Structures are given as C-alpha cells and as structure tokens.
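>>> Below is the structure, and that's it, no one-letter string:
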C-alpha cells in the first residue's frame with residue numbers, strides 16, 4: 001500500500017518521496033505540506049515516538065477488559081447438540097481451503 005501511495009504521489013504531483021519520508025509525515029496535512037516543499041529533507045516533521053507511545057497507551061483500554069472477561073466466562077468444553085459451523089472468510093485463500101477440508105471430512 002505504501003509503494004502504491006508513493007507511486008500515485010509521484011504521478012499526481014511530480015514529487016518523489018521515500019518510505020522514510022512517508023512515515024515521517026503521519027497525517028494528511030503534514031504529507032501535503034511535505035509535497036508542497038521544494039527541499040527533500042530539511043522540513044520533515046519530527047515525530048517523537050516515545051510521546052506517541054504514551055499517547056496511545058492501551059493498558060487501561062476498556063475493550064481489553066471486556067475481551068478478557070468474555071474469554072474467562074466462555075466454556076470452551078461445552079458440547080453443542082447441533083453441529084453447525086459458521087465459517088466466515090471463505091472467499092479468501094485460507095478460508096477456501098478450510099471450507100474444502102470441512103466439506104470433505106465431516107459427515
């Protein structure tokens with residue numbers, strides 16, 4: 001995806017960026033400013049990675065607590081009276097192979 005974006009930027013704006021420059025401009029507005037600049041390396045936005053980690057720290061994420069509670073309360077040894085499998089993603093590579101195996105090996 002990044003390579004496609006870089007190619008499209010070069011085609012549309014005539015500006016060659018490298019991967020480092022692309023990831024150094026994490027927002028659309030900073031990428032637009034970078035495309036508008038004539039210097040290649042002098043005006044790159046500095047990203048403080050330690051600060052970004054602190055901003056996006058998910059240790060107190062409520063969703064994580066809900067997921068842990070769900071898996072702790074789920075009885076994985078429960079036997080169902082019906083044998084019904086809901087398989088999603090069968091249009092993908094792995095899903096199609098799983099579907100074939102299920103169809104060939106189940107009664």
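Received, thanks. Predicted model, so just to flag it, every value in this text is computed and none were measured.
>>> Name the residues of stretch 22-39 that are buried.
22, 24-25, 31, 34 (16 or more other Cβ atoms under 10 Å). For every residue, glycine as well, the C-beta is placed using N, CA and C.
>>> Return the subset of the residues you listed lying in strands.
Using DSSP state E, no member of these falls in strands.
>>> pLDDT and distance to residue 102 for these - can I get that in CSV?
Below are the buried residues of stretch 22-39 laid out as CSV (pLDDT from 0 to 100; distance: Cβ to Cβ, whole Å):
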residue, pLDDT, distance to residue 102
22, 83, 42
24, 84, 46
25, 83, 46
31, 87, 45
34, 84, 49
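>>> nearest to residue 89, of those residues?
Among those, residue 22 lies closest to residue 89 (Cβ to Cβ), at 29.8 Å.
>>> what about residue 8, which SS state?
With DSSP: H, G, I helix; E, B strand; the rest coil as the basis, residue 8 sits in helix.
>>> Could you list the low-pLDDT ranges of this structure?
Along the chain, the model assigns pLDDT under 70 to residues 38-47, 49-50, 52-68, 71, 74-85, 107.
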